[in-house]
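Student: Next comes the sequence, and after it the predicted model I'd like to discuss.
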Amino acid sequence: MTAVVSCATVFALIRNMPDIIALKTPAQLEKLIRIRTGELKETTSYLQMKNSQLENFAEITSHNLRSPLGNMVALISLYNSINDQKERDDLVSKMKIVSDKMMQTLTDLSMVVLNTRTENTTYEEIELDKLTNEICQTLTEDIQKSGIEIVTDFSSLPVIRYQKTYLESILLNLITNAIKYRDPEKKAFLKISSHKEQGIDVLIVEDNGLGINLKRYGDKLFKLHKTFHKNEDARGVGLFITKNQIESLGGTIDAQSESGIGTTFTLRLNAIKTPSND
């Protein structure tokens, strides 16, 4: 539907051919050509943007469903390996939580597509503690297997106004990264906190994982399909998606990292300053 509407300018040129022929002076013809050329450039740019959005949507859908689906497969496998009914009932409850969340993710992603078509972005008040708990529930098997300790401190900024699907994707990516690239030599730890900084909503996500040599890889950190560790499931997609989502809504993401120490991501979510409570 969008492509048909976007091609209206092309059809308008064809419809206006009699008007072009009727022009009397070269100056009039030159002016009309400039106008139509500008309209065609705008249409081309618009179609390129939509194509890029579709590619990003495909990447986001694949990446954001991979971890919950992997957890579901692990829970089903565990269910088939045990006979105790109480344990089985507990696993069924966990599977329901994960499946419900996957369905919600699909619904939310559909809303993102709708918002993209209408060129509107829906913001809402989001309780950070609640959203983080929901994400952790979908990753319950990964969290238990990794033994990672996840701590949150949203006391300075418990609620933010943002695009919920994007924020969920951002936090999911950073949490799964901390699990995936944890240091096997120490107990994995992740802390997520929030505060306001000169009217801007800021999230801090810090782990004690393998870390990254930023002097060597800093310019590639957020590039697509760039990986820095030998994990078999490393695809170099999560940070790329995260950066694009944050920047598309006017924010920034920075990283401080050191090999063997860990990584701290600083997310400044809104470039437009909101009233501060400080």
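Tutor: Right, received. Where do you want to start?

Student: Tell me the spatial nearest neighbour of Q256, not counting adjacent residues.
Tutor: Once flanking residues are discounted, Q256 sits nearest to T264: 4.7 Å by Cβ to Cβ, 6 or more residues apart in numbering. Yep, even glycine has a C-beta here, placed from its N, CA and C like the rest.

Student: actually D142, not the one I typed
Tutor: Closest to D142 by Cβ to Cβ, 6+ apart is I179, at 5.3 Å.

Student: surely the one you found meets L139?
Tutor: Yes. Counting by Cβ atoms under 8 Å, I179 touches L139, with 7.2 Å between them.

Student: related to what we said a few turns ago, I figured the residue nearest to Q256 hits I204, correct?
Tutor: Yes. T264 lies in contact with I204 (Cβ under 8 Å); the separation is 6.6 Å.

Student: Looking at strand pairing, list the partners for L203.
Tutor: Beta bridges link L203 to S194, L267 when assigned by DSSP bridges.

Student: I am assuming it contacts E197, so please confirm or correct that.
Tutor: No. Using Cβ under 8 Å, L203 is not in contact with E197, being 10.6 Å away.

Student: higher neighbour count, those two?
Tutor: L203 (25 against 13; other Cβ atoms under 10 Å).

Student: Any figure for the gap between the more buried one and T263?
Tutor: 14 Å (Cβ to Cβ, to the nearest Å).

Student: can you check S155 too?
Tutor: For S155, the distance to T263 - Cβ to Cβ - is 23 Å.

Student: Comparing those two, which shows the higher neighbour count?
Tutor: T263 (23 against 10).

Student: The helix or strand hosting the more buried one - contacts with which helices or strands?
Tutor: According to DSSP states H and E, T263 maps onto strand 262-268. Counting by 3 or more Cβ pairs under 8 Å, 6 or more residues apart in numbering; DSSP states H and E, the packing neighbours recorded for strand 262-268 are strand 200-207, strand 252-258.

Student: Go through those strands and find the least confident stretch.
Tutor: Lowest mean pLDDT of these: strand 252-258, a mean of 91.

Student: How about residues contacting it?
Tutor: 211-214, 221-222, 242-243, 246-247, 263-268, 271 (Cβ atoms under 8 Å, 6 or more residues apart in numbering).

Student: Recalculate using a threshold of 7 Å.
Tutor: 211-212, 214, 221, 242-243, 246, 263-268 (Cβ atoms under 7 Å, 6 or more residues apart in numbering).

Student: Run the chain-centre distance for that strand.
Tutor: 17 Å (Cα atoms, centre = their mean, to the nearest Å).

Student: who does it pair up with?
Tutor: strand 262-268 (antiparallel).

Student: And the strand it pairs with, what's buried?
Tutor: Neighbour-count burial for strand 262-268 flags 262-265, 267-268 (criterion: 16 or more other Cβ atoms under 10 Å).

Student: any chance of the residues you listed in a markdown table, with distance to T37 and pLDDT too?
Tutor: Listed next are these as a markdown table, based on distance: Cβ to Cβ, whole Å; pLDDT from 0 to 100:
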| residue | distance to T37 | pLDDT |
| --- | --- | --- |
| G262 | 53 | 93 |
| T263 | 48 | 94 |
| T264 | 48 | 95 |
| F265 | 44 | 95 |
| L267 | 41 | 96 |
| R268 | 39 | 95 |
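
Student: Nearest to E39 among those?
Tutor: In terms of Cβ to Cβ, no member of the buried residues of strand 262-268 lies closer to E39 than R268, at 36.5 Å.

Student: residue contacts, the closest one?
Tutor: 200, 202, 251-252.

Student: Kindly report the same for L139.
Tutor: 67, 71, 175-176.

Student: Residue ranges in the stretch 151-278 of the chain under the pLDDT threshold?
Tutor: 218-219, 223-237, 271-278 (pLDDT under 70).

Student: tell me the angle of the strand holding T263 relative to strand 200-207?
Tutor: Angle of strand 262-268 versus strand 200-207, following axes from the mean of the first three to the mean of the last three Cα atoms, to 10 degrees, is 170 degrees.
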